[in-house]
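[1] okay, sequence plus prediction incoming.
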Amino acid sequence: MGYADVYGAWKADPEKFWMQAAEDIFWYEKPSKALFDENAPIYEWFSDGMTNTCYNAVDRHVDEGRGDNLAIMHESPITHSSKGITYKELRDRVASLAGALQMRGVGKGDRVIIYMPMIPEALEAMLACARIGAVHSVVFGGFAANELAVRIDDCTPKAIIAASCGLEPNRVVHYKPLLDKAIDMAEHKPDFCVIFQREQEVAKLVEGRDFSWHGFQYGVKPAECVPVEGNHPAYILYTSGTTGQPKGVIRATGGHLVALQWTMKNIYNVGPGERFWAASDVGWVVGHSYICYGPLITGAETLVFEGKPIGTPHAGVFWKIIQNHRVKSFFTAPTALRAIKREDPDGEWIKRYKLHDLQALFLAGERADPDTIKWAQKHLGIPVIDHWWQTETGWAIAANPLGIEELPVKVGSPSVAMPGYEIDILDDAGHPVANGELGAIAIKLPLPPGTLQNLWNAEERYKKSYLNTFPGYYETGDAGMKDDDGYLYIMARTDDVINVAGHRLSTGAMEEVLAGHPDVAECAVIGVTDQLKGQMPMGFLCLNKGCDRDHATIVKECVAAVRNDIGPVAAFKLACVVDRLPKTRSGKILRATMVKIADSEDYKMPATIDDPEILNEIKVALQAIGYAQ
């Protein structure tokens, strides 16, 4: 069956399609049906089935004779360590930690916050919670104390599992003082904390509250897997909200297992014993779906990487690891690839390594600009697949399903809708627009298994944020279009579509033109306030390493290119060269914050920002051309 057949089979009978997919998961009690729609528009999947995520991700493979296969390979170019953990070792380690949590009173439905860097123990903590039916909430290691406190008060954890520190290329990030401060600030207090002491820093433990990782587990009886209902929350993952208050996305157990198993096989073309690497962080949705759960559920080997795409130690570190571990499928963010491309525009580092086993490169997180995709295609010689999804969905809305059929790649498009997703492009009134026209991207309800079922303690906010704007649809918050072949184009967040003298223009289309300039490594376009036209586009250009051409000349060439490709209607006249762009730790460019700086408005420091100092650099660059006064 090709893609059209598979998508058609889903559309013809969604219930049959997802019940067949559920056959690939172990159930203590099989669900009676797939979709539970009694409380629509709050939908649930496989609600009356009984299963366990940890059993499906770990014990099942041991029981089926694959216990000696590698489950996790940890690579840290910062500490120069490399170690593998088999499925059998992982089962024993997870069962021990789960038993210790159980002994201290953590049980089904209790929340546990995990605050750890990219080390195997972070995955073990997630799996230990799943083993006993506890609901974990991973908070990105090193997150500011006040933001951690907000999450503590929202999900009221019984316990917090943390590491003493995280490691950046040139510094140690002290986690424990941040954790202590967050607990002091929070109204809710956890019963206890478990601290994994790293060699680089031994944290001071609070007597009576804090336990060391190994001491906590000493002499404890290992825990067995606890069966939970299909609609039982597997985890809460906070995503930033427009109000500044984080939104706790709930992922239900049954749908999560079914969807991730389906995607590993059908999208990434990865099966048991094969090696999959998602170069992300467990603090983000990619880390949940495709560092921890997806690869392990399917019985593959997952890589846990503590490092950066450049500087740990060089721009070839990704390719070195892919060679050494014979990675079959690699997943990273476009921003990581752009960083490598900026350091290595001619792909010299790629040529140093043998990448025979690498079958595909997947990109998601930020829009993958055509120039970066073409660079990767040229130097890697494999399919470079942009695919699109969100924290809320947990897996790809649109993709090129290599495990079913390799569809033609259209550069600039994440390809086509996956089964479970019926996508429409709507105008402001909620009516579908013609192919090729820009509009709001919306998905017909119900969303498929594995997507958010609700927000934690915030059902009305869930409806207001996602369901009320277009009744019968999930509002993605992204703007884009479809072509006549059904290929989707994500052009901007809805908020980033700018209105220039009545013309709705996509900042993504302008960024595409700017990225095509031979000296531009990375760029961003925002809309700034203009008294006459309402908004005007402004471009920020990061140049390739070693570029010594006159900046004013490059700006002039970029302005001319946008006018030539998009037309005078874009009114593109403003651009400046900057050394770097402000981003979240997951690689998303903070365009909304840049707009506020340009318009001289007050702004709140984004909780997820990677380096706050960059905002000052942006302000200085804007002041030089008459903005941010």
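    That came through fine.
[2] packing partners of the longest helix belonging to the chain?
    In the chain, assigned by DSSP state H, the helix with the most residues is helix 87-103. Applying 3 or more C-beta pairs under 8 Å, 6 or more residues apart in numbering; DSSP states H and E, one finds that helix 87-103 contacts helix 60-63, strand 70-76, helix 120-131, helix 213-217. From N, CA and C alone the C-beta is placed, and that goes for glycine too.
[3] next, the buried residues of the shortest one.
    Looking back up the chat, that one is helix 60-63. For helix 60-63, a neighbour-count test (16 or more other C-beta atoms under 10 Å) marks R60, H61, V62 as buried.
[4] okay if I get those residues as JSON lines plus distance to T469 and pLDDT?
    Listed next are the buried residues of helix 60-63 as JSON lines, based on distance: C-beta to C-beta, whole Å; pLDDT from 0 to 100:
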{"residue": "R60", "distance to T469": "41", "pLDDT": "98"}
{"residue": "H61", "distance to T469": "43", "pLDDT": "98"}
{"residue": "V62", "distance to T469": "47", "pLDDT": "98"}
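[5] and those, which is closest to F331?
    Nearest to F331 among these, counting by C-beta to C-beta, is H61 at 21.3 Å.
[6] quick one, domains of the protein?
    For the chain, automatic domain parsing gives the domain ranges 87-226, 501-624.
[7] what's the end-to-end length of the shortest one?
    The straight-line separation of the ends of domain 501-624 (C-alpha to C-alpha, to the nearest Å) is 25 Å.
[8] pLDDT of it, averaged?
    On average, the pLDDT along domain 501-624 is 88.
[9] of the helices and strands packed on helix 87-103, flag the one that's most buried.
    The highest average neighbour count among those, using mean count of other C-beta atoms under 10 Å, belongs to helix 120-131 at a mean of 27.
[10] can you give the distance of the helix or strand following it from its chain's centre?
    Downstream of helix 120-131, the first helix or strand assigned by DSSP states H and E is strand 135-138. In terms of C-alpha atoms, centre = their mean, to the nearest Å, the centre of strand 135-138 is set 16 Å apart from its chain centre.
[11] which residues sit against the next helix or strand after strand 135-138?
    Proceeding N to C from strand 135-138, the next assigned helix or strand is helix 145-155, under DSSP H and E. With contact meaning C-beta atoms under 8 Å, 6 or more residues apart in numbering, helix 145-155 is reached by 111, 113, 115, 135, 137, 139, 160, 178-179, 181-183, 185-188, 190, 236, 238, 245-246, 248, 456-457, 607.
[12] and helix 145-155, C-alpha only, in PDB?
    Provided in PDB are the C-alpha atoms of helix 145-155 (Å, rounded to 0.1, in the frame of the first residue of the first chain):
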ATOM      1  CA  ALA A 145      13.700  29.200  39.400                       C
ATOM      2  CA  ASN A 146      10.500  31.300  39.000                       C
ATOM      3  CA  GLU A 147       9.400  29.400  35.900                       C
ATOM      4  CA  LEU A 148      10.100  26.100  37.700                       C
ATOM      5  CA  ALA A 149       8.100  27.300  40.700                       C
ATOM      6  CA  VAL A 150       5.100  28.100  38.400                       C
ATOM      7  CA  ARG A 151       5.100  24.500  37.200                       C
ATOM      8  CA  ILE A 152       5.500  23.100  40.700                       C
ATOM      9  CA  ASP A 153       2.300  25.100  41.800                       C
ATOM     10  CA  ASP A 154       0.400  24.000  38.600                       C
ATOM     11  CA  CYS A 155       1.000  20.200  38.700                       C
END
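[13] hey, where'd the helices end up in the stretch 151-300 of the chain?
    175-185, 213-217, 253-266, 285-287, 294-298 (DSSP state H, counting those that start in this stretch).
[14] could these go into TSV alongside distance to M510 and mean pLDDT?
    Compiled in TSV, the helices of the stretch 151-300 of the chain are given as follows (distance: least, C-beta to C-beta, whole Å; pLDDT from 0 to 100):
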stretch	distance to M510	mean pLDDT
helix 175-185	39	97
helix 213-217	49	97
helix 253-266	32	98
helix 285-287	27	96
helix 294-298	35	98
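[15] start and end of stretch 618-629, how far apart?
    In terms of C-alpha to C-alpha, the two terminal residues of stretch 618-629 are separated by 12 Å.
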